[in-house]
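K.L.:
just the structure for this:
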Amino acid sequence: MEKKTGSFIQVYCPELMDMINPGEWTDCPYYRGQKLDMSNTEEALKQIFRCHVQCDCKIQYQYYDGGKLVQKVLDSVEDQESLRRIFLLVSQPTEKPDKKKKILIVDDDVDFLGMHSAVLKNKGYEVTTAPSAKKCLQALEKGRPDLVVLDVMMEQFDSGFELSKKIKKKYRGLPVMLLTSIGHQTGLDFSSNAEVLRTTGADILLDKPVSPEVFIAEIERLTASKKKG
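P.N.:
Here you go, the predicted structure:
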């Protein structure tokens, strides 16, 4: 098989004794003749996971982290969420900005911080992280980023909401993205709640888990239109 460079995800099928490229999913015993639409992240996750379970395929992937190529092979992937995290790492890179834009991610979930930091760095962004509202405010005192990504549920149920208010009051023009799993946990739709955005001052509110395509697209949109006050 031709040697690959850059970021990618494949599976090794023990029945074929060969690697399968998900973009040309034609040889797998369980998906022969079917091509996997890699632009449809959710369907791709489902099909790769099914093949992994049915064929006992190994997951192989590689990505760049700060310019360094990282290669990994997994014998077992627990669930689709684990695959989602891999997709975040190997998602196709967009054109890097001429000047690195700075993103501050605030979340008390260490795994979330690590995965999303790697994704953004791979896209050419400079990333700093904070595990709490207090650490976020301290980081802002040291330097102003181009955008702040806030988890809603941290120390308190609405920590992100309150933190967004403080940021918008003190740092005029600084875009804020809110990410929340409240909707997923309660069944309520927060993604289009105009009242939440009005009261918090945030620029956008997205439900977790957010697809890598939407996450990057919204960050690009918000940083492109940002006007510092």
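K.L.:
following the helix or strand of the chain with the lowest mean pLDDT, which helix or strand comes up?
P.N.:
Least confident helix or strand of the chain, by mean pLDDT, DSSP states H and E, is helix 182-186 with a mean of 51. As assigned by DSSP states H and E, the chain's next helix or strand after helix 182-186 is helix 194-200.
K.L.:
given the following helix or strand past that following helix, what are its sheet partners and their directions?
P.N.:
Next helix or strand after helix 194-200 toward the C-terminus (DSSP H and E): strand 204-207. Next to strand 204-207 in the sheet, as set by DSSP bridges, lie strand 176-180 (parallel).
K.L.:
got the contact list for the strand it pairs with?
P.N.:
Under the contact criterion C-beta atoms under 8 Å, 6 or more residues apart in numbering, strand 176-180 has outside partners 107, 147-153, 160-161, 164, 167-168, 190, 196, 200-208, 210, 218-219, 222. C-beta here means a position set from N, CA and C on the backbone, and glycine is covered the same way.
K.L.:
can you list the domain ranges for this structure.
P.N.:
As assigned by automatic domain parsing, the chain contains the domains 8-90, 102-224.
K.L.:
hey, least reliable of those by pLDDT?
P.N.:
Mean pLDDT is lowest for domain 8-90 among the domains of the chain, at a mean of 70.
K.L.:
and the strands in the protein?
P.N.:
Counting by DSSP state E, the chain has these strands, from start to end: 8-13, 18-20, 58-65, 68-74, 102-106, 126-130, 147-151, 176-180, 204-207.
K.L.:
closest to Ala118 out of those?
P.N.:
Among the strands of the chain, strand 58-65 comes nearest to Ala118, with 5.3 Å by C-beta to C-beta.
K.L.:
could you list the buried residues of the closest one?
P.N.:
For strand 58-65, a neighbour-count test (16 or more other C-beta atoms under 10 Å) marks Lys58, Ile59, Gln60, Tyr61, Gln62, Tyr63, Tyr64 as buried.
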